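# Sequence and predicted model, in that order:
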Amino acid sequence: MSNLSIKDVPEAWAEALRQRAARNHRSLQGELMSIIEQAATAPRLAAGTSSNLGSTTGSDRFGYPLARRSWTTFEQWAAERRQMYPEPITGFKSGTDIIRADRDAR
C-alpha cells in the first residue's frame with residue numbers, strides 16, 4: 001500500500017474533517033480513506049461530453065452520484081419540465097384534495 005501525505009492543511013479544514021469523521025463514526029484516517037475512495041472510483045463522463053445536470057460531488061458505494069451542482073435557475077428547470085411533460089397528469093386526486101379530505105374526515 002502507498003502512503004500519502006498532505007502538508008500545510010489549513011486548521012479550519014482539518015477541524016471540519018475531524019467533525020465529519022465524528023459524524024460518520026469514523027477515525028480521521030477512515031474518513032480520509034472514504035473520501036479518497038469516492039474520488040478514485042467515481043464514474044466519469046466521457047471527454048467532451050457535457051451534461052446539464054452539473055457536476056457530481058461524490059458517489060455512493062454503487063457508483064451513483066450523491067449530489068450534483070447546477071447553475072440552473074428554478075425558472076429554467078420548470079421550463080425544461082414543461083417541455084418534457086407538456087400535458088398535465090389527469091385522472092388522479094391532487095395532493096390538496098387528499099389533504100382536505102383527510103382533514104375533513106376528522
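All right, it came through fine.
# element containing Gln29, please.
helix 28-41 (DSSP states H and E).
# neighbours of Glu31, just the number please.
Neighbourhood size, Glu31 [other CB atoms under 10 Å]: 19. Where you see a C-beta, it was placed from the backbone N, CA and C, and this is true even at glycine.
# An error on my part: the question was meant for Ala42.
Neighbours of Ala42 (other CB under 10 Å): 14.
# Likewise for Ala21?
18.
# Can you name the helix or strand that Trp71 falls in?
Applying DSSP H and E, one finds Trp71 in no helix or strand.
# Quick one: distance of stretch 15-35 to the chain centre.
Mean-position distance between stretch 15-35 and its chain equals 19 Å (CA atoms, centre = their mean, to the nearest Å).
# Same question for stretch 7-15.
24 Å.
# re earlier: mind giving me the packing neighbours of the helix holding Gln29?
helix 11-23 (3 or more CB pairs under 8 Å, 6 or more residues apart in numbering; DSSP states H and E).
# picking up where we left off before, could you list the buried residues of the helix holding Gln29?
Applying a neighbour-count criterion of 16 or more other CB atoms under 10 Å, one finds Glu31, Leu32, Ser34, Gln38 buried in helix 28-41.
# could you give the angle of it to helix 11-23?
Interaxial angle, helix 28-41 versus helix 11-23 (axes from the mean of the first three to the mean of the last three CA atoms, to 10 degrees): 90 degrees.
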